[in-house]
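Student: just a sequence and a predicted model for now, questions to come.
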Amino acid sequence: MGKLTKRTLFMFSLLDYKAMEEYFEQMQMAAQGWMLEKIEVITAKFRKSEPQKLKFSVDIFPYISAFDSHESKSVTEYRELCEASGWRFVTSSNKFQVFYAKTDEDPIPIQTDSVVEEKILRKSIFSSEFLLFLTFFLIFFLSLGSLFPFDYSKLFTNSGIVSTISNPLLILPVALYTGYYLLWFWKAKKNIKRGLSLPQTSLRAAQLRGNLLVFFTALFIFLYLTAIIADALGGYTFALYFLIIPLSGVAVGLWFRNIVLNKVRSRTKNILIFAGAILAITIIFTSFTTSLIISRGTLFEGIIGMKNELPDGYAASKLEDFGLKEEPHNTAFMRNSSFIVPTNYEYHEISTEGVIRTRYYEAINAAIAAYIFDGMLEREGSLLYRSVSAAPAEEWNVDRGYYLKDDSSMLLLLKDKLVILLDSEFDFSLPETIDAAKSGLDISD
Amino acid sequence: MAREQLKNLTEPMYYTLLALTSPRHGYEIMQTVEVTTKGRVRIGAGTLYTLLSRFEKEKIICRVSDDGRRKTYSLTEKGRELLENEFNRLQLLVEDGNSFLRGDLHG
């Protein structure tokens, strides 16, 4: 005996309601005969039945939103009216209402006026999916701001790189859907003028579009997860922390869907519950994060991957390189890694005698290193109390070098694939400090 | 905007309002319209639901009873007036048509 139920991926958008009818009819006529039972978030559940020819009608009930129970008084009245006219109700999923009839029964179609039907669709889409598209476009245009000019520091982590490329990537499916919707409404207007019925989307087109959306979403999730895991392995454990936001978003969404579906409540009440949940999560998240940062405890250091010592194999300047013998009372090391800048870290030492901070970047090639070097020169050099003057490249044994402060206590170096920024209180133009720094940074030869 | 749209009623709107000259519930309206027009005008359940919600919002019709399962509607004063106006307009159209097409036109 085969399975009694079956789940399929169900990625139809509002305008695909006619294609959905075709899909349910096909499933019903299949050799086994699968009758639709339930539509869930992104899947549909079918139950085994006798193969028979049924006529499905998927209608859109516009007066229902994500904040409404699927059994509210108005929707029950509507369904009863449909049933009185000969349609049998199967299931609903938000605005979608699914009915069927036997082919010999020939009930009056649920929608008989294309002007009314077009209005229903317009109302439904402008209050739901179109808002979503607009939000995407807004995020897209805002994110363009961070691309031009491109912020070189995004290259230091994998999640930074992925978030930079994923926004233009995500706009593709959104643009596809928006284009399809606009085209549909334009055609609908033309058809109505000519007294024709509304344009229908074929099942093939709807499924192709649905598959593309699944592909893009899966790609997006895969890239993000890979980047975050790679970041965490490379020392940037803080990336894991960012998972909390989308995960809690999905959790709240699913929980809220359950709440709405399981009990009939007024829309206002549901909206209040939702707003309350979002507010509570935001408060918990922010207060947790804030207290974590304020505490500066071991948990915080663990989360951001901070260490108290310079691990072996990492070159950085130390106070003792410059003859300061006192034990530093504060040392900290933080490492990131990305596939473009495989090694990048920061190390500092503080004692009562002085301070020294090293920022060290090793890119995969010299061109990227030069790009980072130019970016840092521009950004760091333009800050307050900074002034840029050339450092003697030969003495430093580097390709290019600049002092970023009047007293030469800050230094930016480029050597092949390496970019190094030194910040201290020493005068890096003196021959003995140059030698001390070179040996500490391991760039003498 | 909405008033302007209701100035000229579509056929489904006109027959729905005609059916509501006496109190009827949703399915009765559908049947009345189909019988009256001998099947020429059929109003689907979804279309009717939308029309009724809109008429009710515009106070053209009102609920006369609501026993929890079935709502019965009837025309309001405003609705009656609107329907009469439309009826008179249509009658004018027919009279003018008569004068030209049935030879009543003299001179």
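Tutor: Arrived safely, thanks for sending. Numbering: from 1, shown residues only, chains lettered A, B, ... in the order given.

Student: what parts of chain B come near chain A?
Tutor: Within chain B, the positions lying close to chain A (C-beta under 8 Å from any C-beta of the partner chain) are B:10, B:12, B:26-27, B:30, B:34, B:42-51, B:53, B:69-71. (Glycine included, C-beta is placed from N, CA and C.)

Student: filter the residues you listed down to the buried ones and hand me the ChimeraX line.
Tutor: Typed into ChimeraX, the line below selects the buried ones among these, using 16 or more other C-beta atoms under 10 Å in any protein chain shown:
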select /B:12,26,27,30,34,42,43,44,45,46,47,48,49,50,51,71
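
Student: so which of the residues of chain B next to chain A sit within strands?
Tutor: residue B:71 (DSSP state E).

Student: how about the helices in chain B?
Tutor: Ranges of helices in chain B, per DSSP state H, are B:2-6, B:11-19, B:26-36, B:45-57, B:77-101.

Student: neighbouring contacts of the fourth one?
Tutor: Right, helix B:45-57. By C-beta atoms under 8 Å, 6 or more residues apart in numbering or on different chains, the residues outside helix B:45-57 that reach it are A:59, A:61-63, A:77-78, A:81-82, A:84-85, A:87, A:108, A:110-113, A:116-117, A:119-120, B:2, B:12-13, B:16-17, B:26, B:29-30, B:43, B:61-63, B:73, B:79.

Student: now swap in the longest one and tell me
Tutor: Among residues not part of helix B:77-101, those counted as contacts by C-beta under 8 Å, 6+ apart are B:6, B:8-9, B:14, B:17-18, B:20-21, B:55, B:59-61, B:75, B:104-105.

Student: packing partners for the longest helix along chain A?
Tutor: Secondary structure of chain A per DSSP H: the longest helix is helix A:158-193. If contacts are counted by 3 or more C-beta pairs under 8 Å, 6 or more residues apart in numbering or on different chains; DSSP states H and E, helix A:158-193 sits against helix A:114-126, helix A:129-147, helix A:203-233, helix A:238-242.

Student: now do the buried residues in that helix.
Tutor: For helix A:158-193, using 16+ other C-beta under 10 Å, the buried residues are A:158-164, A:166-167, A:170-171, A:173-174, A:177-178, A:180-181, A:184-185, A:188.

Student: so which bits of chain A are right by chain B?
Tutor: When proximity is defined by C-beta under 8 Å from any C-beta, chain A lies next to chain B at A:59, A:61-63, A:77-78, A:80-82, A:84-85, A:87, A:108-113, A:115-117, A:119-120.

Student: let's see it at 10 Å
Tutor: A:57, A:59-63, A:73-87, A:97, A:99, A:107-117, A:119-120, A:123 (C-beta under 10 Å from any C-beta of the partner chain).

Student: just the ones of the residues you listed in helices?
Tutor: If you go by DSSP H, the residues of chain A next to chain B have A:73-84, A:114-117, A:119-120, A:123 in helices.

Student: of the residues you listed, buried ones?
Tutor: Counted by 16+ other C-beta under 10 Å, those give A:75, A:77-82, A:84, A:114, A:116-117, A:120 as buried.

Student: tell me the two of these that are most distant?
Tutor: Taking C-beta to C-beta as the measure, those span a maximum distance of 24.2 Å, between A:80 and A:114.

Student: report pLDDT for residue A:411.
Tutor: On pLDDT, residue A:411 comes in at 94.

Student: give the closest residue to the residue in the stretch 201-350 of chain A positioned nearest to chain B in space, chain neighbours not counted.
Tutor: Proximity of the stretch 201-350 of chain A to chain B (C-beta to the nearest C-beta) peaks at residue A:264, 14.0 Å away. For residue A:264, ignoring the flanking residues on the chain, the nearest one in space by C-beta to C-beta, 6 or more residues apart in numbering or on different chains is residue A:69 at 4.4 Å.

Student: how many other residues sit next to the one you found?
Tutor: A count of nearby residues for residue A:69, using other C-beta atoms under 10 Å in any protein chain shown, gives 19.
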